[in-house]
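A.B. asks: Next comes the sequence, and after it the predicted model I'd like to discuss.
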Amino acid sequence: MVNNIEYNFDEEINRKNTNCAKYDGLKKYFGYEDLNPLWVADMDFKTPSFINDAIINAAKNSLYGYSIDSDEIYQSIINWQNTQHNWQINKEDIYMINGVVPAYSACIEAFSEENDEVIVQTPIYPPLFKCVNLNNRKVVVNELKKDENGYYTMDLEDLESKITPKTKILALCSPHNPVGRVWSKNELEKLANICIKHNIIIVSDEIHSDITFKKFTPLASISDKIANQTITLNSAGKTFNIAGLKVSNIIIANEELRKKVNRSLNINEVIEPNIFGIEALIAAYSEGEEWLNQLLEYLEGN
């Protein structure tokens, strides 16, 4: 949805003393308060008004009971992936969840047994290690290669050399957190072909897919064969700065894989997003395209 609003990304918001993890957690976790808080992936830009308005409107009923998923939320996700990334998905491919990390843990439980192996491409977002270890699986490290200019690439030769019969899952971070790489379609195809060859499920964390300065390719959009082996985790949380509302989604084209994940999600009770998160997601994906365009222009300028 295009509008004529010029968003102000220069406005400074004081987030201290608001129970904000990013600022108010500095003393708790690091012992100091006068630090630059670069340790939490949320932005200091004000959440756009169309999202606030949706949340306030939902609150007017003054009833905060259980809710059900509506067609509107699924259609907003379908439309967003189509317009932003040229990826056509179906309603039945989507499950609503309350977080990417809990969903990642549920996938580990669904597609591996204790002492099985999960490949992790380091350096990586730390909770991915935690999920593997707490599920009593073994972390197999496939370290990214860095050239003299600090540019990272995948070491696919090393990856394939470490695969054993107990290797069941590859944890992909796309775009990669923290090195910032937006993997090319060619890189993703090569990685996926290795996983297909060895029957390894790819769990692709694509939570930062909207905040890039070059074309992002969803792994499962490349081909039906790759989609058949891929679990995609996503959220509007990072893009629109609504991570605290606990609303995410998991996209799975393969019906057999969907059934296994659905069972694990239900066992772990991570299938009920926050009632305000649902309204925020619909507003973000329905009205947020122009806000995102201006955000990306501002960030690239920085």
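C.D. replies: Received it, and whenever you're ready, just let me know what you need.
A.B. asks: where does N136 fall, phi/psi-wise?
C.D. replies: When read as degrees, to the nearest 10, the backbone of N136 gives phi 60, psi 40.
A.B. asks: separation between it and A171?
C.D. replies: Here the criterion is C-beta to C-beta, to the nearest Å. By it, N136 lies 16 Å from A171. Heads up, the C-betas are built off the backbone N, CA and C, glycines and all.
A.B. asks: now S264
C.D. replies: According to C-beta to C-beta, S264 and A171 sit 16 Å apart.
A.B. asks: what do you get for M43?
C.D. replies: Taking C-beta to C-beta as the measure, M43 falls 25 Å from A171.
A.B. asks: Tell me which of the two has more neighbours.
C.D. replies: A171 (24 against 18; other C-beta atoms under 10 Å).
A.B. asks: would you say that one is within a strand?
C.D. replies: Yes: the assignment for A171 is a strand, going by DSSP: H, G, I helix; E, B strand; the rest coil.
A.B. asks: in the protein, which residue is closest to the centre?
C.D. replies: The residue lying closest to the centre of the chain (C-alpha atoms, centre = their mean) is I207, at 2.2 Å.
A.B. asks: OK, contacts around it?
C.D. replies: Neighbour list for I207: V100, L233, N234, S235, G237, K238, S248 [criterion: C-beta atoms under 8 Å, 6 or more residues apart in numbering].
A.B. asks: let's see 6 Å
C.D. replies: I207 sits next to V100, S235, K238 when contact means C-beta atoms under 6 Å, 6 or more residues apart in numbering.
A.B. asks: can you pull the pLDDT of it?
C.D. replies: Per-residue confidence (pLDDT) for I207: 96.
A.B. asks: now V141
C.D. replies: pLDDT at V141 comes out at 97.
A.B. asks: Let me see the contact set for it.
C.D. replies: By C-beta under 6 Å, 6+ apart, the contact set of V141 is T122.
A.B. asks: Can you tell me how far it is from D224?
C.D. replies: Computed as C-beta to C-beta, the V141 to D224 distance reads 31 Å.
A.B. asks: S235 too?
C.D. replies: 25 Å.
A.B. asks: cool, E189 as well?
C.D. replies: Using C-beta to C-beta, we find E189 at a distance of 13 Å from D224.
A.B. asks: Same drill for those two, tell me which one is more crowded.
C.D. replies: E189 (16 against 9).
A.B. asks: And for the residue lying closest to the more buried one once chain neighbours are set aside, the neighbour number?
C.D. replies: Nearest residue to E189 in three dimensions, chain neighbours excluded: I222, at 6.0 Å (C-beta to C-beta, 6 or more residues apart in numbering). By other C-beta under 10 Å, the residues close to I222 number 17.
A.B. asks: and what of Y66?
C.D. replies: 6.
A.B. asks: got it, and D69?
C.D. replies: Residues near D69, counting by other C-beta under 10 Å, number 15.
A.B. asks: With the one 4 residues further on instead?
C.D. replies: Counted by other C-beta under 10 Å, the residues lying close to I73 total 22.
A.B. asks: got a list of what it touches?
C.D. replies: The contact partners of I73, taken as C-beta under 6 Å, 6+ apart, are I278, I282.
A.B. asks: Just say helix, strand or coil for it.
C.D. replies: Going by three-state DSSP: I73 is helix.
A.B. asks: Roughly how far does it sit from P218?
C.D. replies: On the measure of C-beta to C-beta, I73 and P218 end up 19 Å apart.
A.B. asks: Kindly report the same for G180.
C.D. replies: 18 Å.
A.B. asks: go on, N115?
C.D. replies: Distance of N115 to P218, given as C-beta to C-beta: 31 Å.
A.B. asks: who has more neighbours, the two?
C.D. replies: Between N115 and P218, counted using other C-beta under 10 Å, the more crowded position is P218 (23 against 9).
A.B. asks: Hmm, Q84 and that one touching each other?
C.D. replies: No: between P218 and Q84 there is no contact under C-beta atoms under 6 Å: 9.6 Å.
A.B. asks: Helices of the stretch 51-200 of the chain, start to end?
C.D. replies: Assigned by DSSP state H, counting those that start in this stretch, the stretch 51-200 of the chain shows helices spanning 71-85, 100-111, 127-134, 156-161, 185-197.
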